[in-house]
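**Q** kindly return the folded structure for what I paste below:
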Amino acid sequence: MALSPTNNAALLQEVDDAVRKDRLDSIWERFGRWIVAGVIAALLAFGGYLYWGHLQQTERGEQAEALIGAFDKLKSGQPTAATNEFAKLESEGGDAYRAIAIFQQANMKAERGDLKAAAALMGKAAADSKLDPSLRDLALVRQTAFEFDTLKPEAVIARMKPLVDAKDPVSSWFPSAAELSAIAHYQLGQYKQAGELYGRIAKLPDMPRSLQSRSVQMAGMLGVDAVADRADESAAKDKQGSGAPKGPAAGAVEEKK
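**A** Numbers count the residues shown, from 1 in each chain. Below is the predicted model:
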């Protein structure tokens, strides 16, 4: 007796399912243990990643607490205990905490008049390739400031040159580096170069008032009229502002006139 089309379709489906099952069984027999091993390895890797992240977060929290504790000890008049905490962070902390610990230890030594030790710490930070470049530049500026009286002017100029000449982007520490270089140029009798540097500092926006005032005065003494330059900038801004469209009230007043 012939099978109906429906029975034929059912039979073909059963055969297809059987073939597919045989193929899956064959694949599982050949690669099953490797598939299981791969899944287990992936789970272990993911679990390890999560655990590593947890450890990192816990470690950062502990280092933050240690840093706060060190500053608390310093504030409460326990410099020795604070120094020990900072030294521990310097040797065991992450990059950011290590940098803070080094800078603070240098501050403490400078306050006690030990500029040589303070400069050595800043030199250590400046040479630490793991620290952010901006922090390394700051360390170099501070090292130079601590050592300034013992360095030849030429050495100061050479050391600060990369920060003074940086253009794209401009160094965050240009004002301090430029002032150290300007003083060194002045000591060498290179008054033109010193004046130009003071003029560049004076023209910078959002400068601390003391540094800006000092730079304007020094630039003027050395023949660079930084005051006039800033006055010209201010006049240009005022002119630009006066060219803005006038409001209805202003127009009405002029019409009445």
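**Q** contacts and neighbour counts: CA atoms only from here.
**A** Fine.
**Q** what's around residue 127, how many residues?
**A** 13 (other CA atoms under 10 Å).
**Q** my guess is it contacts residue 137. True?
**A** No: in terms of CA atoms under 8 Å, residue 127 does not count as a neighbour of residue 137; the distance is 9.7 Å.
**Q** give the residues shared as contacts by these two.
**A** By CA atoms under 8 Å, 6 or more residues apart in numbering, residue 127 and residue 137 have no common neighbours.
**Q** tell me who's in contact with residue 115.
**A** 109, 146, 147.
**Q** what's the lowest-pLDDT member of the residues you listed?
**A** For those, the least confident position by pLDDT is residue 109, scoring 91.
**Q** can you tell me the helix or strand for that residue?
**A** helix 95-111 (DSSP states H and E).
**Q** just give me the neighbour total for residue 97.
**A** With other CA under 10 Å as criterion, residue 97 counts 20.
**Q** ok, for it, nearest residue in space, not its chain neighbours?
**A** residue 89 (6.5 Å; CA to CA, 6 or more residues apart in numbering).
**Q** the one you found is in contact with residue 95, isn't it?
**A** No: using CA under 8 Å, residue 89 is not in contact with residue 95, being 9.7 Å away.
**Q** so those two - more neighbours on which side?
**A** More crowded of residue 89 and residue 95, by other CA under 10 Å: residue 89, with 24 against 15.
**Q** any idea how far residue 71 is from that one?
**A** Between residue 89 and residue 71 the computed distance is 12 Å (CA to CA, to the nearest Å).
**Q** buried set for stretch 190-197?
**A** 191, 192, 193, 194, 195, 196, 197 (16 or more other CA atoms under 10 Å).
**Q** wait, the fourth one sits on residue 185?
**A** Yes: counting by CA under 8 Å, a contact exists between residue 194 and residue 185, whose distance comes to 5.3 Å.
**Q** identify the contacts common to the two.
**A** By CA under 8 Å, 6+ apart, no residue touches both residue 194 and residue 185.
**Q** name the helices or strands packed onto the strand or helix carrying residue 161?
**A** Using DSSP H and E, residue 161 sits in helix 153-165. Contacts defined by 3 or more CA pairs under 8 Å, 6 or more residues apart in numbering; DSSP states H and E place helix 153-165 against helix 133-147, helix 174-187.
**Q** could these go into a markdown table alongside mean neighbour count?
**A** As requested, these are exported to a markdown table (neighbours: other CA atoms under 10 Å):
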| stretch | mean neighbour count |
| --- | --- |
| helix 133-147 | 21 |
| helix 174-187 | 22 |
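**Q** in CSV, list the ones you listed along with distance to residue 206.
**A** Shown next, in CSV, are the helices and strands packed on helix 153-165 (distance: least, CA to CA, whole Å):
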stretch, distance to residue 206
helix 133-147, 19
helix 174-187, 11
